[in-house]
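In: Next comes the sequence, and after it the predicted model I'd like to discuss.
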Amino acid sequence: MSDLVSLADQKVFLEIPVATTGDDDLITDLLEHAEDLLESDAGRTETPFKASAAAQTEVHEGTGTRDLYLNYPISDITSISLGLDNSDFDETLDPDDPDEVVWGTGKRRISRVDGGRFGLPGRPRFITVVYDHQADLPEVAQLAIKRVVAQMYRQRGSEDATKETIGGYARDLSNLVETDPFWQRAVAVTRRRVFA
């Protein structure tokens with residue numbers, strides 16, 4: 001099921017009564033394909049869009065720097081452990097001690113302020129972070145998916161058509177996503193969010 005847009009929200013966008021279930025499977029498939037495509041276009045296949053979650057574990061390789069970037073915006077950090085083996089730690093940092101590490105709610109970066117580094121250059125080191133993360137469900141991406149799914153849903157039955165003309169307006173159906181300004185904006189914004 002799509003994390004960005006619920007079936008009920010998409011049906012409201014399509015002006016289909018939520019209680020009507022005849023096309024639910026089709027709409028769900030379209031939502032999943034559209035979200036997969038957006039994540040691929042935005043370079044988010046490794047870090048897909050997610051709702052908020054508690055006690056998530058991320059294991060990262062050492063950076064050799066004082067900064068470590070998590071995949072999702074931080075709500076709270078439970079533990080930070082470092083070691084040459086990601087199951088046998090030789091260093092644990094206290095995420096609540098501002099003399100060891102600093103991080104901000106809604107940010108992805110953790111910075112060591114104790115003079116240490118997250119690993120050493122040329123020497124593998126694993127960092128395991130257990131944390132609660134905020135939702136990563138950008139509204140611009142939700143709107144882009146709703147628009148594209150609505151267009152695909154409304155053109156069903158004419159999959160072999162290459163153009164659609166409504167009044168004096170014509171559009172090329174083969175590049176629906178590439179020409180949608182909301183889709184392009186969502187790709188640009190969510191691509192940047194990976195490094196925020």
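Out: Arrived safely.
In: Who are the contact partners of the spatially closest residue to residue 119 that is not a sequence neighbour?
Out: Distance criterion CB to CB, 6 or more residues apart in numbering; nearest residue to residue 119, sequence neighbours excluded, is residue 62 at 1.6 Å. Using the backbone N, CA and C atoms, a C-beta is placed for each residue, glycine as well. Contact analysis of residue 62 by CB atoms under 8 Å, 6 or more residues apart in numbering lists 82, 117-120, 123-127.
In: Lowest-confidence one in these?
Out: Lowest in pLDDT among those is residue 124, which has 63.
In: Just give the nearest non-adjacent residue to residue 191, would you?
Out: residue 42 (4.7 Å).
In: quick one: the one you found from residue 187, how far?
Out: As judged by CB to CB, to the nearest Å, residue 42 and residue 187 stand 5 Å apart.
In: quick one: pLDDT of residue 173?
Out: pLDDT for residue 173: 44.
In: Likewise for residue 168?
Out: pLDDT, residue 168: 55.
In: Inside strands: which ones of the contacts of residue 62?
Out: 82, 126-127 (DSSP state E).
In: which of the residues you listed lies closest to residue 97?
Out: residue 82 (14.8 Å; CB to CB).
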